[in-house]
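Q: Model the structure of this input:
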Amino acid sequence: MSNEFTFSITTTRFDEDYSPSEDSRTTTNFANLARGEHRQQNLRRTLAMINDRFNDLARRDNPGRDRYSVELVIVSAELQFSSDGADHRFPLIEVLDIQIVDRLTGARFPGIVGNNFSSYVRDFDFSVRLPAVNEGSSEFTVPGDFGDLHGKLFQHFLDSEAYRERFAVDPVICISVSTSRTYRRTGKHHPTLGVEYQQDDYSLTDEYFRKMGLQVRYFLPPGGVAPLAFYFRGDLLSDYTDLQLIGTISVMETFQRIYRPEIYNANSPAAEIYRPTLDQQDYSPTAIVYDRVERGQLAKKQGEYTEDHFVKPHGELLEQWAERFPVRVG
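A: Numbering: from 1, shown residues only. Predicted structure coming up:
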């Protein structure tokens, strides 16, 4: 529907030898792990945790808990404007894709793309635009069009030739539950995803992802200690195989155990009524170095970069394009 810009995809293998490229978003969880003197140890331990968790969940015909291994690829989506000139290319989205290897048969299966979702435009919205709107205000305000552009760009990317040529199914974005919400256990249980929880109200992140065309459901996987938020379009329970869902759980629960051990590496599982908090003291830190303070600082810097190299030089064109794009919410 638009000739103003196109998308292209590049990939980078994520393994113990991975080093972030100059173009990679430095706030991305996997880039954070891959810096400093402990980088290779961090990566090796992270990948081992993912494989262990996958085999723990994929127990069928897997008595030794070693049948499967997970291979990860960083998928970088770049937006390219049709006009020449400065800032005509912009790194839009970065995620992890999963390949599942059956060591017993040698078969390989595609997992679900969307893991560790990160976006420069999201950095701008949350770290630059939202603070600017609320500066000096006594009451927190969210603009009515907050997330509109990002949501339309994301949906346009999923419908693009670049995405559809590479991926057969829609992404699933799995992240932490919100510390601003209370979650209640329901009577629903899925054999792979686990026990379902339901939030007391939508969070700002829920609303943001809804504008990306994504619904949300919360599940506490078997053997886990806290629910995960699964954002998807379509049907989470029927559009993906058990192995694909296990791949997403094993990858994202591992990263959350590293990034938010107070919630996902707590020593006690979530109760029937659950309010996650980072003030929790009864947890076990992982032996993996992760800098949460730096991550927050870099998000602001990258939001400012987006403002200077994407929003300001292309704002008028993007606004006109967004006005023509059909409104679709999750």
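Q: Count the neighbours of Phe54 for me.
A: 25 (other C-beta atoms under 10 Å). No exception for glycine: its C-beta is placed from N, CA and C like everyone else's.
Q: Could you do Ser19 as well?
A: Ser19, neighbours per other C-beta under 10 Å, totals 12.
Q: which element is it on?
A: Ser19 belongs to no helix or strand when assigned by DSSP states H and E.
Q: how much space between it and His190?
A: Distance, Ser19 to His190, by C-beta to C-beta, to the nearest Å: 38 Å.
Q: Next: Met252.
A: 16 Å.
Q: Give me the more crowded residue out of those two.
A: Of the pair Met252 and His190, Met252 is the one with more neighbours under other C-beta under 10 Å, namely 28 against 16.
Q: tell me the pLDDT at that one?
A: The model reports Met252 with a pLDDT of 96.
Q: residues in contact with it?
A: In this structure, Met252 makes contact with Asn115, Asn116, Cys174, Ile175, Leu228, judged by C-beta atoms under 8 Å, 6 or more residues apart in numbering.
Q: Buried residues, stretch 4-19. List them.
A: Phe5, Phe7, Ile9, Thr12, Phe14, Tyr18 (16 or more other C-beta atoms under 10 Å).
Q: Of those, which is the nearest to Gly64?
A: Phe14 (25.5 Å; C-beta to C-beta).
Q: Spatially, which residue comes closest to that closest one, not counting chain neighbours?
A: Once flanking residues are discounted, Phe14 sits nearest to Leu72: 4.1 Å by C-beta to C-beta, 6 or more residues apart in numbering.
Q: beta partners for the one you found?
A: Note on Leu72: beta-bridge partners Phe14, Ile98, judged by DSSP bridges.
Q: Quick check: it touching Val101?
A: No. Counting by C-beta atoms under 8 Å, Leu72 does not reach Val101; the two are 11.5 Å apart.
Q: where do the strands sit along the stretch 151-300 of the chain?
A: 173-176, 183-190, 194-199, 215-220, 228-232, 273-274 (DSSP state E, counting those that start in this stretch).
Q: In JSON lines, list those along with distance to Ala132 and mean pLDDT.
A: Output for the strands of the stretch 151-300 of the chain, formatted as JSON lines (distance: least, C-beta to C-beta, whole Å; pLDDT from 0 to 100):
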{"stretch": "strand 173-176", "distance to Ala132": "24", "mean pLDDT": "97"}
{"stretch": "strand 183-190", "distance to Ala132": "31", "mean pLDDT": "97"}
{"stretch": "strand 194-199", "distance to Ala132": "28", "mean pLDDT": "98"}
{"stretch": "strand 215-220", "distance to Ala132": "27", "mean pLDDT": "98"}
{"stretch": "strand 228-232", "distance to Ala132": "26", "mean pLDDT": "98"}
{"stretch": "strand 273-274", "distance to Ala132": "33", "mean pLDDT": "98"}
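Q: Can you tell me which of those strands is most buried?
A: strand 228-232 (a mean of 23; mean count of other C-beta atoms under 10 Å).
Q: The closest residue in space to Asn42 that isn't next to it in sequence and Ser238: what is the separation?
A: Once flanking residues are discounted, Asn42 sits nearest to Leu33: 4.4 Å by C-beta to C-beta, 6+ apart. Counting by C-beta to C-beta, the separation of Leu33 from Ser238 is 34 Å.
Q: Pick out whichever of these two has more residues nearby.
A: Leu33 (25 against 6).
Q: in the protein, which spans are helices?
A: 29-33, 39-57, 120-124, 130-134, 148-158, 161-166, 204-210, 242-259, 261-264, 292-306, 312-324 (DSSP state H).
Q: tally of neighbours for Ala168?
A: Neighbour tally, Ala168, other C-beta under 10 Å: 7.
Q: now swap in Pro171 and tell me
A: Pro171 has 25 neighbouring residues, counting by other C-beta under 10 Å.
Q: Helix or strand with the lowest mean pLDDT in this structure?
A: Between all helices and strands in the chain, the lowest mean by mean pLDDT, DSSP states H and E belongs to helix 29-33, at a mean of 64.
Q: Tell me which two of the contacts of Met252 sit farthest apart.
A: Among the contacts of Met252, Asn116 and Leu228 lie farthest apart (C-beta to C-beta), at 12.9 Å.
Q: quick check, nearest of the buried residues of stretch 4-19 to Arg210?
A: Closest approach to Arg210 among those (C-beta to C-beta): Phe7, at 22.2 Å.
Q: I'd say the closest one and Ala77 touch.
A: Yes. Using C-beta under 8 Å, Phe7 is in contact with Ala77, at 5.7 Å.
Q: Which residues are in contact with Gly147?
A: Going by C-beta under 8 Å, 6+ apart, the list of residues near Gly147 reads Asp125, Glu207, Tyr208, Lys211, Met212.
Q: Leu57: which of those is nearest?
A: Nearest to Leu57, judged by C-beta to C-beta, of the contacts of Gly147 is Met212 at 27.1 Å.
Q: got a list of what that closest one touches?
A: Per C-beta under 8 Å, 6+ apart, neighbours of Met212: Gly147, His150, Gly151, Phe154, Gln155, Tyr231, Gly330.
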